[in-house]
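1. Give me a 3D structure for the following:
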Amino acid sequence: RIDRLDVAYTRFISSSKQLSVVETILPISSLAGAGGSGGGGRVDYEFLPSAEEILSEIVPAAFRAKLFKCFLDAIVSEQIARMVAMKGATENADEMAGSLKQQYNRARQAGITSELAEIIGGAAALG
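-> As a prediction, the model looks like this:
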């Protein structure tokens, strides 16, 4: 038996924003006080099947739905965080590859220029 159940998870807001939250799953507080509309007297309704049987089906279903929503938010937040991290890593790798390619091309051009200078210097010495 438990008196209270809190779930800590990451709530998905947008692709750039996720919040860490702690949400109370049990007791289900959103059902408490839902019947009072501030009107005058109390109205009794007749339920078929009985109200207890209906609640015995609805409350566990509501609990499972809230818990499933927490799991889905956490999974979506994790996947979005991975996607953002991979996008950043890809951009950094592309930038690094461009920088290395530029350095390689400069070194190759310097080698070609020095070889041309040696050939021209050798031809001038012969002539």
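2. mind pulling up the phi and psi values for the closest residue to residue 18 other than its chain neighbours?
-> Counting by C-beta to C-beta, 6 or more residues apart in numbering, residue 18 lies nearest to residue 77, which is 4.3 Å off, once chain neighbours are set aside. (C-beta placed from N, C-alpha, C; glycine too.) Main-chain torsions, residue 77, degrees, to the nearest 10: phi -60, psi -40.
3. ok, now how distant is residue 77 from residue 45?
-> Separation of residue 77 from residue 45 (C-beta to C-beta, to the nearest Å): 41 Å.
4. Likewise for residue 118?
-> 102 Å.
5. higher neighbour count, those two?
-> residue 118 (10 against 6; other C-beta atoms under 10 Å).
6. Local confidence estimate at residue 42?
-> At residue 42, the pLDDT value in this model is 80.
7. Double-check that it belongs to a helix.
-> No. In this structure, residue 42 is coil, not part of a helix, as judged by DSSP: H, G, I helix; E, B strand; the rest coil.
8. and the helix or strand that contains residue 118, average pLDDT?
-> Assigned by DSSP states H and E, residue 118 falls within helix 51-126. Here helix 51-126 scores 93 as its mean pLDDT.
9. And stretch 58-76, how far out from the chain middle?
-> 17 Å (C-alpha atoms, centre = their mean, to the nearest Å).
10. Buried residues, it. List them.
-> 66-67, 70, 73-74 (16 or more other C-beta atoms under 10 Å).
11. Go ahead and flag the most central residue of the chain.
-> Among the residues of the chain, the one closest to the centroid is residue 77, at 2.5 Å (C-alpha atoms, centre = their mean).
12. residues touching that residue, list them.
-> Neighbour list for residue 77: 9-12, 18 [criterion: C-beta atoms under 8 Å, 6 or more residues apart in numbering].
13. do that again at 10 Å, thanks
-> 9-13, 15, 17-20 (C-beta atoms under 10 Å, 6 or more residues apart in numbering).
14. between those residues, which is nearest residue 90?
-> The nearest member of the contacts of residue 77 to residue 90, counting by C-beta to C-beta, is residue 15 at 15.7 Å.
15. which residue sits closest to that closest one, ignoring its sequence neighbours?
-> Nearest one to residue 15, counting by C-beta to C-beta, 6+ apart, is residue 80 at 5.2 Å.
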